[in-house]
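**Q** model this:
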Amino acid sequence: MQKLFNMKNIFRLILIIINIQLFTGCGQKESTNEQKDENPKYKVIFDTDANNELDDQHALAYLLFNGNTFEVKGVTVNTTFNGGNIDKHYEEAERVITLCGLNGKIPLFRGANGAFEDISPTLRKKDFDGHKAVNFIIDEAKQIKGEKLVVIAVGKLTNVALALEKEPAISDKIRLVWLGSNYPDPGEYNLVNDIPAMNYLLESEIVFEMVTVRYGKPSGTDAVRMLEGEAQRTMPGLGPEIDEPVTGRHGDAFKNFGDYSVSLFEHCEFHGDPPGRALFDMAAVAIVKNSEWAEASKIPCPTMVNEIWVEEPDSQRMITVWENFDKVQIMDDFYASLKNYVLVK
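**A** As a prediction, this is how the structure comes out:
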């Protein structure tokens, strides 16, 4: 009888242990899923005219140093009026990637030298102008499941428009965040470089977000700027130290991005009172990281005719316009990201 009693107790103890293990295992699984959902990383392609001035380089470095937020699928380059041919833009993007300690780890592709309307009729050719970047955007968009591929475009929109023209099915796979336009005013450098490419995308079904520039106005990214002398005080030595120095765009050799930033600012013109230089493109990356650092509003999709915005108040298509950027928060996070960088993977 005593033996039977002991056997019952042992059996009960085994059941208790099994239940505890099952309960603990389920709890751990739920906790893991919650953690994954709390911190999703944006899958990003960065599309840039990297050699145009100096904001592209700072935007790219900021992106690459935010590995907790972004998964960078690749970088694509295009040409605009300034900065030389596609090779010059490729070389500058490669230079920044190398200075950020990611040489050979971030795919980099040459994109369009020309404009959308000139290249579009040639898309059936294997080696059309910009084919490497365009095909890369298409391939990455096709792989997206569930979330959208975020294309942060900080130059003209030729590469993106060509990708959509060649493969329209990717339109619902992409969230396009474009640094461009003085909307509702005309002009702006990125826009005028290829207006037909912009209009094509506005007329499509792609998610379109316009990060305004607005030269000289406090409501656009022109307000997000470094003052003259600020780079020399804040940037030296920031970022990882690489083994082999890289020759900069203006000469000299550099082993980290911070020192290269100082060189870029030493070779630029400053504007405004007090004198400063806008980091337009960097703000586009910042509002993807934290949408509270600017104001977003939905508007019926306009179009541009003869370089003037034409409103379409009855349009069912809505786009997002970003304005009123929190300069202090954005610049503070920029510096923090360079001081406490987490490299993307």
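
**Q** So residue 73 is in contact with residue 45, correct?
**A** Yes: between residue 73 and residue 45 there is a contact at 5.4 Å, judged by CB atoms under 8 Å. Quick note: C-beta positions are derived from backbone N, CA and C, even for glycine.

**Q** So for the two, which residues contact both of them?
**A** 140, 149 (CB atoms under 8 Å, 6 or more residues apart in numbering).

**Q** In the sheet, which strands lie alongside the strand or helix carrying residue 178, parallel or antiparallel?
**A** With elements taken from DSSP states H and E, the one containing residue 178 is strand 174-179. Sheet partners assigned to strand 174-179 using DSSP bridges are listed as strand 149-153 (parallel), strand 207-211 (parallel).

**Q** where exactly do the strands run in the stretch 101-250 of the chain?
**A** With DSSP state E, counting those that start in this stretch as the criterion, the stretch 101-250 of the chain has strands at 108-110, 149-153, 174-179, 207-211, 225-227, 246-248.

**Q** looking at these, which is closest to residue 52?
**A** Residue 52 lies closest, by CB to CB, to one member of the strands of the stretch 101-250 of the chain: strand 174-179, at 11.6 Å.

**Q** any idea how far that closest one is from the chain center?
**A** What separates the centre of strand 174-179 from the centre of its chain is 8 Å, taken as CA atoms, centre = their mean, to the nearest Å.

**Q** show me where this structure has helices.
**A** Applying DSSP state H to the chain gives helices spanning 2-38, 55-64, 86-99, 116-119, 131-143, 158-166, 189-193, 195-202, 230-234, 257-266, 280-289, 327-339.

**Q** Point out where the protein drops to low pLDDT.
**A** Along the chain, segments meeting pLDDT under 70 span 1-39.

**Q** Would you point out which residue is most central in it?
**A** Centroid check for the chain by CA atoms, centre = their mean gives residue 152 as the closest residue, at 3.7 Å.

**Q** on that earlier part again, which of the strands paired with strand 174-179 sits most buried?
**A** For those, the largest average neighbour count (mean count of other CB atoms under 10 Å) is found in strand 149-153, namely a mean of 25.

**Q** and that one, how far from the chain's centre?
**A** Distance, centroid of strand 149-153 to centroid of chain: 6 Å (CA atoms, centre = their mean).

**Q** What angle do helix 131-143 and that strand make with each other?
**A** With axes from the mean of the first three to the mean of the last three CA atoms, to 10 degrees defining the directions, strand 149-153 sits at 150 degrees from helix 131-143.

**Q** ok, back up a step: which one of the strands paired with strand 174-179 lies nearest to residue 200?
**A** So among the strands paired with strand 174-179, strand 207-211 is nearest, using CB to CB, at 10.9 Å.
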